[in-house]
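Engineer: Quick one, fold the following:
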Amino acid sequence: MAGGCILALMVIVVILNIFAAATGLALMALAIWVVVDPYKMYPICAASGKTDIFAAAWIAIFTGFAYFCIAIFGIFAALKRKRSLMLTYLILMFIIYIFECASCITAVTNRDYLLGNSNQVKYQMLKYYTDTSSQGKDITSTWNKVMADAQCCGTDSPLDWVEYNSTFMQTSGGKNLWPINCCLSNVGTGVSDPNGCKLGLSTAMFNKGCFSYIESTLNRYTWAICWYGFSVQMFMFFVLLIGIVYVILLD
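Structural biologist: Below you'll find the predicted structure:
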């Protein structure tokens, strides 16, 4: 009877670790996607000194690959039915589990800091857009991409460029109230109505702010690292519990 129970648990442990290996690879792939930063949000995070979401992504790359490797070892240990091997497996899994918990917590706290309100993002935009420093060039490039991709202008609205003093206002000498990227344009021909854009006509420029786009983008990064990571942790906790029961029943 005991032998049959141990055999059943061994099969369960093997199957769970096959899924754990696949889950680890998926976590690593999502974390690599965040590190690559397809939406180019890193400069906005870096300007605030809060790049924790990307640090969390690097941790998740490590933990995802480590989960894959240890799960393969767990399959080997379960099939060998050796308590020493299973204990080694459980200890290593627990260490990785702690690292992934740190990754999830880091990602979600960084998101709350950046997206608590739009003022932090607005301050960076006004200070660094068109600034000649390396950070200014990165911010300028990011905002140009954001305004083009999301068809938006400013953080909350185009009035951000008018109501507040900005580096852009100083460098343009007051000739333009907002960047040229705020203007509607046609592919191949450039700005569709330059005069209307200068006057602020709603038919000639983007009228919505970009903060919602930035918020949704960083939320995608956070979901990839934090919420998917949290679901992985729930599954791994179950795997650890079954592994502990298996070790207890081994001779």
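
Engineer: Show me the shaky parts of the stretch 101-250 of the chain.
Structural biologist: Low-confidence segments of the stretch 101-250 of the chain, defined by pLDDT under 70: 110-116, 174, 187-190.

Engineer: Strands of that one, start to end?
Structural biologist: For the stretch 101-250 of the chain, applying DSSP state E, counting those that start in this stretch gives strands covering 185-186, 190-191.

Engineer: Direction included, what does the first one pair against?
Structural biologist: What it means is strand 185-186. Using DSSP bridges, the strands paired with strand 185-186 in its sheet are strand 190-191 (antiparallel).

Engineer: what about the spatially most central residue of the chain, distance to residue 103?
Structural biologist: Residue closest to the mean C-alpha point of the chain, counted by C-alpha atoms, centre = their mean, is residue 221 at 2.4 Å. For residue 221, the distance to residue 103 (C-beta to C-beta, to the nearest Å) stands at 12 Å. C-beta: built from backbone N, CA, C; applies to glycine.

Engineer: Which neighbours do the two have in common?
Structural biologist: Residues touching both residue 221 and residue 103 (C-beta atoms under 8 Å, 6 or more residues apart in numbering): residue 57.

Engineer: before we move on, back to that, of the strands of the stretch 101-250 of the chain, which approaches residue 65 most closely?
Structural biologist: Smallest distance to residue 65 across these (C-beta to C-beta): 43.6 Å, for strand 185-186.

Engineer: So what touches the closest one?
Structural biologist: Contacts of strand 185-186 (C-beta under 8 Å, 6+ apart): 191-192.

Engineer: follow-up on the earlier one: these two touch, right, the residue nearest to the centre of the chain and residue 35?
Structural biologist: No. Taking contacts as C-beta atoms under 8 Å, residue 221 lies outside contact range of residue 35: 9.8 Å.

Engineer: Would you map out the domains in the protein?
Structural biologist: Listed domain ranges for the chain are 2-39+51-117+222-249, 119-155+158-207 (source: automatic domain parsing).

Engineer: any chance of those domains in a markdown table, plus mean neighbour count and distance to residue 213?
Structural biologist: Shown next, in a markdown table, are these (neighbours: other C-beta atoms under 10 Å; distance: least, C-beta to C-beta, whole Å):
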| stretch | mean neighbour count | distance to residue 213 |
| --- | --- | --- |
| domain 2-39+51-117+222-249 | 18 | 9 |
| domain 119-155+158-207 | 17 | 4 |
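
Engineer: For these, please prepare JSON lines with the additional fields distance to residue 215.
Structural biologist: Formatted as JSON lines, the domains of the chain follow (distance: least, C-beta to C-beta, whole Å):
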{"stretch": "domain 2-39+51-117+222-249", "distance to residue 215": "5"}
{"stretch": "domain 119-155+158-207", "distance to residue 215": "9"}
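
Engineer: quick one: residue 154 and residue 172, what's the gap?
Structural biologist: 15 Å.

Engineer: for residue 42, that is, sorry about that
Structural biologist: Residue 42 is 26 Å from residue 172, by C-beta to C-beta.

Engineer: again, but for residue 211
Structural biologist: In this view, residue 211 and residue 172 are 23 Å apart by C-beta to C-beta.

Engineer: pLDDT of the helix or strand containing residue 74, averaged?
Structural biologist: Residue 74 belongs to helix 52-80 when assigned by DSSP states H and E. Per-residue pLDDT values over helix 52-80 give a mean of 93.
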